[in-house]
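Colleague: no sequence for this one, just the structure:
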């Protein structure tokens, strides 16, 4: 994105919102093309981020865009974003298990191998679903989004709010939303609250990245928000994957007990022959440790520590400068 375009800040809010949305949309198109290259290992992640950034911007400026951007267009983009989530989550889980396997003793490795096979099968199905949705829906959604953003009806008496004024109000709302969301995370078990805080972090970060493209001095704030997002993401991923893994363990143990009752033999000592439970339990413990570490980092850096207080003060100063 370019910099140094203060005329957009002084122009109509409807125009500024569309100009930046179109730049975000160009990123979505560029990353979508990369999905066709199987050797591009970052394509899915980058496409998902670009699409999320665009959707966050459209949501933030919905009042300025709704005369041309219909809700059904946003719903199409949401459906595409939803199907990317499953594939991306599985991609992250597979990478995590591969790393964990390197540190595991021989007796636990069958669990890692069992889990990798299962995750790869799930990802194969998810990727097929993703490809179907992309091939069927993306071109139409992209075309209608672009048409909606390329024009709008302007008044002769251009006395509406300026883009900078609207952006200031947006930043104030998103900062307040983030502070409230972070405040709701009071314990390691507050999973829904931590996820909401992560979403609030992303929304503020994407808003500031859009404003940076027109010359607003955001300095390192988006990078610091990215760090907060990563901490919350590590916490969320460990919680989510840990819950899935706990369910898998319960299913495997129940199946084993059922087989033992059916055959009259209890095969508890078969880890060496490929029983995955030992390895699965070891990985679950590691995920719980990761969860605890991420929560402590959140507490230290963003809730009770000086860095969090200084960061909040800088956000307030940025909002005042825009206003």
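Modeller: That came in fine, so what should we check first? Treat the numbers as computed from the prediction; the structure is a model and nothing was measured. Residues are numbered from 1 along each chain as shown.

Colleague: for residue 249, see how far away residue 289 is.
Modeller: The gap separating residue 289 from residue 249 is 17 Å, by Cβ to Cβ, to the nearest Å. Backbone N, C-alpha and C define where each C-beta goes, glycine included.

Colleague: show me what the longest helix along the chain is packed up against.
Modeller: Criterion DSSP state H: the longest helix present in the chain is helix 221-263. Applying 3 or more Cβ pairs under 8 Å, 6 or more residues apart in numbering; DSSP states H and E, one finds that helix 221-263 contacts helix 71-102, helix 109-133, helix 191-212, helix 277-298, helix 306-322.

Colleague: just the ones you listed: most buried one?
Modeller: Across these, the average number of neighbours (mean count of other Cβ atoms under 10 Å) peaks for helix 191-212, which reaches a mean of 21.

Colleague: list the helices and strands that one packs on?
Modeller: helix 13-34, helix 43-60, helix 163-184, helix 221-263, helix 306-322.

Colleague: could you redo the last one with a cut-off of 7 Å?
Modeller: Secondary-structure packing of helix 191-212 (3 or more Cβ pairs under 7 Å, 6 or more residues apart in numbering; DSSP states H and E): helix 43-60, helix 163-184, helix 221-263.

Colleague: what's the closest of those helices to residue 11?
Modeller: helix 163-184 (5.7 Å; Cβ to Cβ).

Colleague: helices or strands up against that closest one?
Modeller: Where contact means 3+ Cβ pairs under 7 Å, 6+ apart, helix 163-184 is packed against helix 6-10, helix 13-34, helix 191-212, helix 306-322.

Colleague: for the first one, buried residues please.
Modeller: Within helix 6-10, the residues that qualify as buried by neighbour count (16 or more other Cβ atoms under 10 Å) are 8-9.

Colleague: then the second one?
Modeller: Residues of helix 13-34 classed as buried under the neighbour-count rule (16+ other Cβ under 10 Å) are 13-21, 23-25, 27-28, 31-32.

Colleague: closest one to residue 7 among the helices and strands packed on helix 221-263?
Modeller: The nearest among the helices and strands packed on helix 221-263, by Cβ to Cβ, is helix 191-212 at 14.2 Å.

Colleague: make a markdown table from the helices and strands packed on helix 221-263 and add distance to residue 240 and mean pLDDT to it.
Modeller: Formatted as a markdown table, these follow (distance: least, Cβ to Cβ, whole Å; pLDDT from 0 to 100):
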| stretch | distance to residue 240 | mean pLDDT |
| --- | --- | --- |
| helix 71-102 | 8 | 93 |
| helix 109-133 | 13 | 94 |
| helix 191-212 | 8 | 93 |
| helix 277-298 | 9 | 94 |
| helix 306-322 | 25 | 75 |
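
Colleague: right, and those - which one's nearest residue 60?
Modeller: With Cβ to Cβ, the closest approach to residue 60 among the helices and strands packed on helix 221-263 belongs to helix 191-212: 5.8 Å.

Colleague: what lies in contact with the closest one?
Modeller: Helix 191-212 has contacts (Cβ atoms under 7 Å, 6 or more residues apart in numbering) with 20, 24, 52-53, 56-57, 60, 167, 170-171, 174-175, 177-178, 181-182, 184-185, 218, 221-222, 225-226, 228-229, 232-233, 235-236, 239.

Colleague: pull out the buried members of those.
Modeller: With neighbours counted using 16+ other Cβ under 10 Å, these contain these buried positions: 20, 24, 52-53, 56-57, 60, 167, 170-171, 174-175, 177-178, 181-182, 185, 218, 221-222, 225-226, 228-229, 232-233, 235-236, 239.

Colleague: right, I'll call it a day here.
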